[in-house]
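Chemist: Everything below, folded, please.
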Amino acid sequence: MKSSVYRNATVVACALGLLGLLLAYFQVSVSFESEDPEKPFLPPTQKLRKQTTDSPPVFDNKAEQSSKVLTYSNNNSVPKAGDQGSLRMSNQTDQPVRLAMLARSPVKGEKTQTNSFDVPAHWDFAPREGNEKGLILSLPQGNLKLEKGDILVAFAQDGSRRYWGPYVVGETSIPVWNAQSKEWQLILSQ
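Modeler: Below is the predicted model:
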């Protein structure tokens with residue numbers, strides 16, 4: 001009787017072990033979601049306010065924000081067909097963001113200046129990165145020049161499933177062409 005119990009326990013343990021190996025081989029994972037998705041995962045940053053009395057310190061739960069913010073300038077014009085320029089990106093959100101770009105494919109028989117990149121590219125931004133002046137984006141091979149038809153899309157990397165775009169350069173209202181500085185401006189905001 002005892003040997004059959006041990007034999008059954010051994011068979012169950014081996015079966016569970018094989019199942020675990022199979023799951024690991026196929027990279028199956030199990031995760032549990034929060035019951036309250038609106039609740040933030042991280043506690044808000046705390047900032048100590050100066051006190052002139054002898055009372056205990058008071059904490060302010062607001063994240064420190066800059067008063068200067070990049071906005072679209074008034075000297076924006078409608079881009080011409082051949083307008084190429086760099087991309088200035090500003091992340092004014094409280095989320096880490098990835099900006100992805102796909103270069104326009106040339107039409108057969110069309111003779112154009114080809115960019116020095118053929119593959120999609122992406123850039124990662126911390127919350128509020130480039131908030132004041134924006135950041136000029138570049139590629140490892142050199143400068144990035146956007147042309148009409150290139151596609152941009154940005155999405156949050158914090159699991160919130162937020163995204164901005166897709167934006168088609170020169171065809172959608174964003175990004176905006178700044179004729180004075182000869183650059184495209186993309187500002188992501190809440």
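Chemist: pLDDT wise, what is P140 at?
Modeler: With respect to pLDDT, P140 has a value of 83.
Chemist: How many neighbouring residues does it have?
Modeler: Counted with other CB atoms under 10 Å, the neighbours of P140 add up to 6. The C-beta positions use only the backbone N, C-alpha and C, and glycine is treated the same way.
Chemist: And for Q92?
Modeler: Neighbours of Q92 (other CB under 10 Å): 21.
Chemist: Next one: the nearest residue to it once chain neighbours are set aside relative to V153, how far apart?
Modeler: In space, and not counting its chain neighbours, Q92 is closest to S189: 4.5 Å by CB to CB, 6 or more residues apart in numbering. Separation of S189 from V153 (CB to CB, to the nearest Å): 16 Å.
Chemist: what about those two, which has more around it?
Modeler: Between S189 and V153, counting by other CB under 10 Å, V153 is the more crowded of the two (15 against 12).
Chemist: ok, the residue nearest to P120 when sequence neighbours are not counted - contacts?
Modeler: Residue nearest to P120 in three dimensions, not counting chain neighbours: L102, with 4.8 Å by CB to CB, 6+ apart. Applying CB atoms under 8 Å, 6 or more residues apart in numbering, we find L102 in contact with 120, 150-151.
Chemist: and what of R98?
Modeler: By CB under 8 Å, 6+ apart, the residues touching R98 are 122-125, 154-155, 157.
Chemist: Residue ranges of each domain in this protein, please.
Modeler: 1-29, 86-106+114-188 (automatic domain parsing).
Chemist: out of those, deepest packed?
Modeler: For these, the largest average neighbour count (mean count of other CB atoms under 10 Å) is found in domain 86-106+114-188, namely a mean of 17.
Chemist: Any idea how far apart the tips of that one sit?
Modeler: Distance between the two ends of domain 86-106+114-188: 17 Å, counting by CA to CA, to the nearest Å.
Chemist: now do stretch 142-158
Modeler: 30 Å.
Chemist: in the chain, which spans are helices?
Modeler: 2-25 (DSSP state H).
Chemist: which stretches of it have low pLDDT?
Modeler: The model of the chain has pLDDT under 70 over residues 1, 32-83, 106-119.
Chemist: follow-up on the earlier one: may I see the contacts of R98 arranged in a markdown table, with distance to T10 as well?
Modeler: A markdown table is the format used below for the contacts of R98 (distance: CB to CB, whole Å):
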| residue | distance to T10 |
| --- | --- |
| H122 | 51 |
| W123 | 54 |
| D124 | 50 |
| F125 | 54 |
| A154 | 54 |
| F155 | 49 |
| Q157 | 46 |
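Chemist: R161 versus the residue nearest to L152 when sequence neighbours are not counted, what's the distance?
Modeler: Nearest residue to L152 in three dimensions, chain neighbours excluded: Y167, at 4.6 Å (CB to CB, 6+ apart). Separation of Y167 from R161 (CB to CB): 18 Å.
Chemist: which one of the contacts of L102 sits closest to N8?
Modeler: Within the contacts of L102, proximity to N8 (CB to CB) peaks at P120, which comes in at 54.6 Å.
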